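Enquirer: Would you be able to build a 3D model of this:
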Amino acid sequence: MPLPAGGESAETGASSFSNQFEKEWRKVERTDLRIIKTKKTIREAFLRLREKNALEKMRVNKLCEMALVNKTTFYKHYQDIYALSGEIEDETIHAILDDFASINALFSDTDSFIRGLYGAFKSREGIIFTLFGGRMNVLVDKVERQLVRHYPALGASPEKEILLSFLIKGASSVFMEARFEENTMLTTLSTVARQIIRQMETRE
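Expert: Numbers count the residues shown, from 1 in each chain. Below is the predicted model of the structure:
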């Protein structure tokens, strides 16, 4: 049956809609890609500045100058310098724990747990010292919180949580000092960790 003047078939209409959808999707893709590139540029500039400056001395205008973006663009993505730093810090913590293959071995193989934690720190050493230089306590606190969440049963016992906190903070602080011979450090920490684990087990 002939179409009314100005009409179109269902097939033509579907094709038209598909073309329109594809155009809109490409716009979204281009927008997303611009956002990704912009944030990448801002973050790279942040890390370059952070290598030479304490976090509290960093300024948005200097960061924008280095990243070749304006302040409006920066504030479209981040509330302030601390929000930007916090985002990168959290991603780094997650990356450290993703590298921590023996994270489940706290009780079954304490030596592997300690050496695995050290290896995970070591694999991100560069960005750790860039992000947390002068504020390693922030790194240690964030790692501790994530590990306490990983062992929720320990969080149900204040005594066990205190022991785990002592173990993680102590080991992490020693890792970051980097002034001990590696094998001696790891052997000593493993011995101490086993003693702490025994204390936890007596509280069953």
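Enquirer: Helix or strand with the lowest mean pLDDT in the chain?
Expert: helix 10-50 (a mean of 70; mean pLDDT, DSSP states H and E).
Enquirer: Quick check: next helix or strand after it?
Expert: Next along the chain after helix 10-50, taking DSSP states H and E as the criterion, comes helix 60-67.
Enquirer: domain parsing for this protein?
Expert: 10-78, 88-201 (automatic domain parsing).
Enquirer: Would you single out the least confident of those domains?
Expert: Note on the domains of the chain: domain 10-78 shows the lowest mean pLDDT, a mean of 80.
Enquirer: Out of the domains of the chain, which is the most enclosed?
Expert: domain 88-201 (a mean of 16; mean count of other Cβ atoms under 10 Å). Just so you know, the C-beta spots here come from the backbone N, C-alpha and C atoms, and that holds for glycine as well.
Enquirer: how long is it end to end?
Expert: End-to-end span of domain 88-201 (Cα to Cα, to the nearest Å): 36 Å.
Enquirer: In contact with residue 203, which residues?
Expert: 157, 159-160 (Cβ atoms under 8 Å, 6 or more residues apart in numbering).
Enquirer: Touching, residue 74 and residue 43? I think so.
Expert: No. Assessed by Cβ atoms under 8 Å, residue 74 is found out of contact with residue 43, at 11.1 Å.
Enquirer: and residue 153, what element?
Expert: Going by DSSP H and E, residue 153 is in helix 152-155.
Enquirer: other SSEs contacting that helix?
Expert: Contacts defined by 3 or more Cβ pairs under 8 Å, 6 or more residues apart in numbering; DSSP states H and E place helix 152-155 against helix 136-150, helix 158-177.
Enquirer: And the contacts of the helix or strand hosting residue 83?
Expert: Using DSSP H and E, residue 83 maps to helix 81-98. The contact list for helix 81-98, computed with Cβ under 8 Å, 6+ apart, reads 42-43, 46-47, 50, 55, 58-60, 63, 78, 103, 120-121, 123-124, 127-128, 131-132, 138-139, 142-143, 146-147, 150.
Enquirer: Repeat the analysis, applying 7 Å as the threshold.
Expert: 43, 46, 55, 58, 60, 78, 103, 120-121, 124, 127-128, 131, 142-143, 146 (Cβ atoms under 7 Å, 6 or more residues apart in numbering).
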